[in-house]
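Chemist: Structure of the sequence below:
(3 chains)
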Amino acid sequence: MNGTQKQLKAGFPWKQVIGLILSLTLTFLALWIAVGLSLPVHVTIAIIVSLAIFQAFIQLFMFMHVTEGTEPVHQLMGILFGIYVAFTVVAGTLWILAYAL
Amino acid sequence: MIDSVKSFLGWFFVTGDPMIYGADASIALVSIGIVAVLTYFKKWKWLWNEWLTTVDHKKIGIMYIIAALLMLFRGGMDALMMRAQLTLPNMHFLDAEHYNQVFTTHGTIMIIFVAMPFIFGLMNIAVPLQIGARDVAYPFLNALSFWLFFFGAMLFNLSFVIGGSPDAGWSSYAPYAGAEMNPGVGQNYYLIGVQISGIGSLATGINFLVTILKMRAPGMTLFKMPMFTWSILITSVIVVFAFPAFTVALALMTIDRLFGAHFFTIAAGGSPMLWANLFWFWGHPEVYIVLLPVFGIFSEVIATFAHKTLFGYAVMVWSMVAISVLSFITWLHHFFTMGNTAPVNAFFSISTMLIAIPTGVKIFNWLFTLNKGRIQFTTPMLWALAFIPNFTIGGVTGVMLAMAPADYQYHNSYFLVAHFHSTLIAGTVFGIFCGLHYWWPKMFGYMLDEVKGKWSFWIFMISFNICFMPMYFLGLMGMTRRMYTYPAGLGWTPINVVMSIGAAGMGIGFALMAYNIVWSAVRGKKDTTGDPWNGRTLEWATASPAAEYNFAHIPEIKSRDAFAAMKEARAAGHAETVPPYKAIHMPNNTGIPVIMSAFMFIAGFGFVFEWYWMGIPGLIGVVACMIARSFVYDDHHYIPVEKVKQTEAATGRLS
Amino acid sequence: MTDATLSLHEKDRSQMPIEYSTEEGDLRIVGFWIFLAAELVLFGTLFGTYLVLQSHTAGGPTAKDLFEIGPVMAETIVLLVSSFTCGLSTIELRRHNKRGLIGWLLVTILLGLVFVGLEVNEFYTYAVHEGAPLSRSAFLSGFFVLLGTHGCHVSLGIVWIIGILLQLGKRGITPVTARKAFMAGLYWHFLDVVWIFIFTAVYLTGWVI
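Modeler: Below you'll find the predicted structure:
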């Protein structure tokens, strides 16, 4: 039995509950900023995208156990490279086709 | 009734050209011939048990290479037809429509169904042996990848005789490739055939990435791996992250054509430029997918036949890592002329020049490996040595094309065509021929004949230069790619004649290589040692061909060039103790991959013709196979100690 | 399979959770992570496409005309909660509690079914009642294909988890079934991550612009 499992045996799933509360809070916060406030469009978009990225990392670390395994460096590198390429395709496509937006 | 059947058949089968009827007849005859031979020699069961259901990486590798060689023949015939049409002005050998189909299938087949599967075949054969593993990480998935590629390729080739071939070029630019301007099934064949084999490629990428990361023999740290294995590791990374973009691009165009969406149309707000953007987001990394592995092959071959360890190992590795990162930010250089803003063109021009740096560094590494080596001019070594200058010409002209303002002059001229053939033939094709000769004894246990091998090398290499060197000048003289004929009096004729002679020479070189394969199968020298080239890496430490389980004992690795070190230790008189054999755990054969891929083929054919009564049951069959596989728990067996002893004794390795 | 088999790295697995306890489980989970990383690029490409085409409404309905806060928030909350219940199922897996694992997985796929139902209803409303099917404009093509791809992933996940539930019922928690349940969990959380970006890039951005 390692540390995590002992802790899990102990009872209440704090990590999961905190993750859920944070996710719901961030979701409603983003909704309020987008619909409730009337900030300039690019400011609003910058804020809600930051909130989304934050929420994605909550899922990754609190729910998905990304740092577990015999050699977690493999999946961490994989996810990082995936984020790099996904960011490149979104940002690159928007930049290249910006004149058509 | 009879009339409607007749009109259906006339539409279903490609008609009207005597060459097509000839092809129909030869395809029918070859198929009947294969069935007859298999039945006569009662080989159906053997075919099913030994090949169709195998999960052995070495057999899968051989099947990849056989399929790729057949596709190389088809793609080469396309090339010869184009050269025949262009030899003289105002030729009527092919009409415009037919010519468009020929260059489309030539490009698609050569990239997707020759270069990639040939490389996948070589890596299937060599990588697990080089890292001292008994198979890949997911043997089932490996078989599935092969069969998806195979059925994807078959679907694409079917367009030749049923329904009509695609004709929008291998890059299939919208809006021409869309339903409005390109009705009929040809373009659907391209989209769905390439999609099916692309899914297999993605799975291969994941498979080899995990195999290399997790399954190396004890002691083999990342920086003790052979360079070919390194190149496949990096290639797998690029495959895994580039192919999803292509999957999406192909799917979006399929949805455009089949369901009336507006991604790439002109009407209703679609963006044809978006296709070019997505296609090349995959297409540029794809260039490195077919080049990095051959860099790995040349690194192995040059080190082996210069009898030296590779110069600048770490620099080689880091330059490949740099290429993997940079390869995802250069894609726009394929469409500088699309009307992008100046900062966009400037960024991609600079990133393209940047990626030439790590590639150039590698050239120097090979040269310094040769420096003061004892060079042995075998056939694989000749291919590797010829690669260096020929590929460098392709690289340097690439840097010329990378300058965005200059590209406005070169774009879509024969200068460009010459450039990418210089990289893809002098790089990829020389590389796969090099690897084929080098690893042939490991695959089959006999050598390819050196004399015939060298003849085919010299004929092919010289003809390549006769064909493609003049092409640069033809491009600068103004001839553009994809034109199906040209008028006399432009001064293009002499160059075109010379190029066609070169193309024919390449065909002769390839035919000689094919003859060498057949001749050597009968009379070739047997490889009894398992180490015919005095190799440096682990694949030569086992028998040729390797036993099902590769290594009876997994080797312990202490340094780079592990097998060379072992041989030195042996020569120095260090006795090896052979521990007792243990039962070896291996995966079971399974028919699910081939059946599942056949369902995929049926589904694909249905969607090509928009016959949903056929496509949807096909997809249901695919899902049913996946579910069936999930419930298989008895998927492995043990090879008993007695059997291992017998096998090892038969190869003379039992001390 | 207790001995080192295909792979030959001798690693100490006795300290690892059950799904990592065999060589095979370890290999498959790493491979699945790499697959999810590839899926990031797949969805990234769809997002890039959607964002370029967002304004290409060709005179048809715009994002603002179509999207309604109520149904969108319902879908979002259902999926977020299902990700939470899926996380609880992984905890029960680590506790070797078969009944708890099966129970939370059942809750998860029920929530998944509710999500798919809500999404199908949303699609039906747009395509039939609002006159905004996929073929109406480039914007709608991008919308339906991005969300449809996510919805297909969720549906496939439901089918997959049903298959795992059958195997769990029959065989209990073994290294193989544990590995499958764990991987399905990763997949489910990943789809939640994708939805967070759909919520932001499609719906919130649609209301803002």
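Chemist: Show the subsequent helix or strand relative to the lengthiest helix in chain C.
Modeler: The single longest helix within chain C, with elements called by DSSP state H, is helix C:138-171. For helix C:138-171, the following helix or strand on the C-terminal side (DSSP states H and E) is helix C:175-198.
Chemist: For the helix or strand in which residue B:494 is found, name the packing helices and strands.
Modeler: Element membership for residue B:494, per DSSP H and E: helix B:493-523. Judged by 3 or more CB pairs under 8 Å, 6 or more residues apart in numbering or on different chains; DSSP states H and E, helix B:493-523 is in contact with helix B:57-86, helix B:450-476. For the C-beta atoms, the positions are set from N, CA and C on the backbone; glycine is no exception.
Chemist: got those helices as CSV, with distance to residue B:613 columns?
Modeler: Output for those, formatted as CSV (distance: least, CB to CB, whole Å):
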stretch, distance to residue B:613
helix B:57-86, 30
helix B:450-476, 48
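Chemist: for the longest helix of chain C, what is the average pLDDT?
Modeler: In this model, helix C:138-171 carries a mean pLDDT of 94.
Chemist: who's in contact with the closest residue to residue C:200 other than its chain neighbours?
Modeler: In space, and not counting its chain neighbours, residue C:200 is closest to residue A:52: 4.0 Å by CB to CB, 6 or more residues apart in numbering or on different chains. Residue A:52 makes contacts with A:30, C:196-197, C:199-201, as judged by CB atoms under 8 Å, 6 or more residues apart in numbering or on different chains.
Chemist: what inclination does the host helix or strand of residue A:52 have with respect to helix C:175-198?
Modeler: Element membership of residue A:52, judged by DSSP H and E, is helix A:41-58. Here helix A:41-58 points in a direction 170 degrees away from that of helix C:175-198 (axes from the mean of the first three to the mean of the last three CA atoms, to 10 degrees).
Chemist: Beyond helix A:41-58, next helix or strand please.
Modeler: The helix or strand immediately downstream of helix A:41-58 is helix A:73-96, counting by DSSP H and E.
Chemist: Can you tell me what sits against that following helix?
Modeler: Counting by CB under 8 Å, 6+ apart, A:60, A:66-67, A:69, A:101, B:213-214, B:237, B:240-242, B:245, B:274, B:277-278, B:281, B:325, B:328-329, B:331-332, B:340, B:344, C:30, C:33-34, C:36-41, C:43-45, C:47-49, C:51-52 sit against helix A:73-96.
Chemist: can you check stretch B:214-227 too?
Modeler: A:71, A:74, B:128, B:130-133, B:136-137, B:212, B:233, B:296, B:299-300, B:303, B:310, B:313-314, B:316-317, B:536-538, B:554-562, C:6-10, C:26-27, C:30.
Chemist: Apply 6 Å and report the result again.
Modeler: B:130-133, B:296, B:299, B:310, B:537, B:554-558, B:560, C:7-8, C:27 (CB atoms under 6 Å, 6 or more residues apart in numbering or on different chains).
Chemist: Enumerate the residues of chain C near chain B.
Modeler: Contact residues (CB under 6 Å from any CB of the partner chain) of chain C with chain B: C:5-8, C:27, C:30-31, C:34-35, C:38, C:41-42, C:45-46, C:52, C:56, C:58, C:134-135, C:137-138, C:141, C:163.
Chemist: Can you list which of these are found in helices?
Modeler: Those of the residues of chain C next to chain B lying in helices (DSSP H): C:27, C:30-31, C:34-35, C:38, C:41-42, C:45-46, C:52, C:138, C:141, C:163.
Chemist: which pair in those spans the largest distance?
Modeler: Greatest spatial distance in those: C:27 and C:138, 42.3 Å, computed using CB to CB.
Chemist: So for those two, which sits in the more crowded spot?
Modeler: Using other CB atoms under 10 Å in any protein chain shown as the criterion, residue C:27 and residue C:138 rank with residue C:138 on top: 29 against 23.
Chemist: just checking, the more buried one touches residue B:272?
Modeler: No: using CB atoms under 6 Å, residue C:138 makes no contact with residue B:272, being 10.9 Å away.
Chemist: Please report how far residue A:89 lies from residue B:281.
Modeler: 6 Å (CB to CB, to the nearest Å).
Chemist: what's the overlap in contacts for these two?
Modeler: residue B:245.
Chemist: what does chain B put close to chain A?
Modeler: Neighbours of chain A within chain B, by CB under 6 Å from any CB: B:213, B:241, B:245, B:271, B:277, B:281, B:328, B:344.
Chemist: Could you pull up phi and psi at the residue in chain B that chain A sits nearest to?
Modeler: Minimum separation of chain B from chain A (CB to the nearest CB) falls at residue B:241, amounting to 4.4 Å. Here is the backbone geometry of residue B:241 (degrees, to the nearest 10): phi -100, psi -10.
Chemist: State the distance from the residue lying closest to it once chain neighbours are set aside to residue B:522.
Modeler: Distances taken as CB to CB, 6+ apart place residue A:85 nearest to residue B:241, at 4.4 Å, with adjacent residues excluded. As for residue A:85, its distance to residue B:522 is 49 Å (criterion: CB to CB).
Chemist: Tell me which of those two has more neighbours.
Modeler: More neighbours surround residue A:85 than the other of residue A:85 and residue B:522, with 28 against 7 (other CB under 10 Å).
Chemist: pLDDT wise, what is that one at?
Modeler: The predicted local confidence for residue A:85 is 95.
Chemist: and what of residue B:604?
Modeler: 95.
Chemist: Next up, the contacts around it.
Modeler: Here residue B:604 is in contact with B:155, B:192, B:196 (CB under 6 Å, 6+ apart).
Chemist: element containing it, please.
Modeler: With DSSP H and E as the criterion, residue B:604 is inside helix B:592-608.
Chemist: residues in chain C within reach of chain A, list them.
Modeler: C:11, C:15, C:26, C:30, C:33-34, C:37, C:40-41, C:44-45, C:47-48, C:51-52, C:55, C:76, C:80, C:84, C:87-88, C:91, C:94-95, C:186, C:189, C:192-193, C:196-197, C:200, C:204, C:207-208.
Chemist: mind checking how far the closest residue in space to residue B:408 that isn't next to it in sequence is from chain C?
Modeler: By the measure of CB to CB, 6+ apart, the closest residue to residue B:408 outside its immediate chain neighbours is residue B:337, 5.8 Å from it. Using CB to the nearest CB, to the nearest Å, residue B:337 is found at 20 Å from chain C.
Chemist: On the three-state scheme, residue B:337 is what?
Modeler: helix (DSSP: H, G, I helix; E, B strand; the rest coil).
Chemist: looking at it, it is touching residue B:410, isn't it?
Modeler: No: here residue B:337 lies out of contact with residue B:410, judged by CB under 6 Å, at a distance of 9.8 Å.
Chemist: of those two, who's got more company?
Modeler: A direct count of neighbours by other CB under 10 Å for residue B:337 and residue B:410 places residue B:410 higher, at 21 against 14.
Chemist: list the contacts for the more buried one?
Modeler: Applying CB under 6 Å, 6+ apart, the residues near residue B:410 are B:401, B:416.
Chemist: How about the contacts made by whichever residue of chain C sits closest to chain B?
Modeler: In chain C, the residue that lies nearest chain B is residue C:56 (3.0 Å; CB to the nearest CB). Going by CB under 6 Å, 6+ apart, residue C:56 touches B:269, C:138-139.
Chemist: ditto for residue B:250
Modeler: Here residue B:250 is in contact with B:191, B:195 (criterion: CB under 6 Å, 6+ apart).
Chemist: before we move on, which element is it in?
Modeler: Counting by DSSP H and E, residue B:250 is found in helix B:227-259.
Chemist: tell me the mean pLDDT for the following helix or strand past that helix?
Modeler: Downstream of helix B:227-259, the next assigned helix or strand under DSSP H and E is helix B:272-306. For helix B:272-306, mean pLDDT is 95.
Chemist: buried set for the very next helix or strand once past helix B:272-306?
Modeler: Using DSSP H and E, the helix or strand that follows helix B:272-306 in sequence is helix B:313-326. For helix B:313-326, a neighbour-count test (16 or more other CB atoms under 10 Å in any protein chain shown) marks B:313, B:316-317, B:319-320, B:322-326 as buried.
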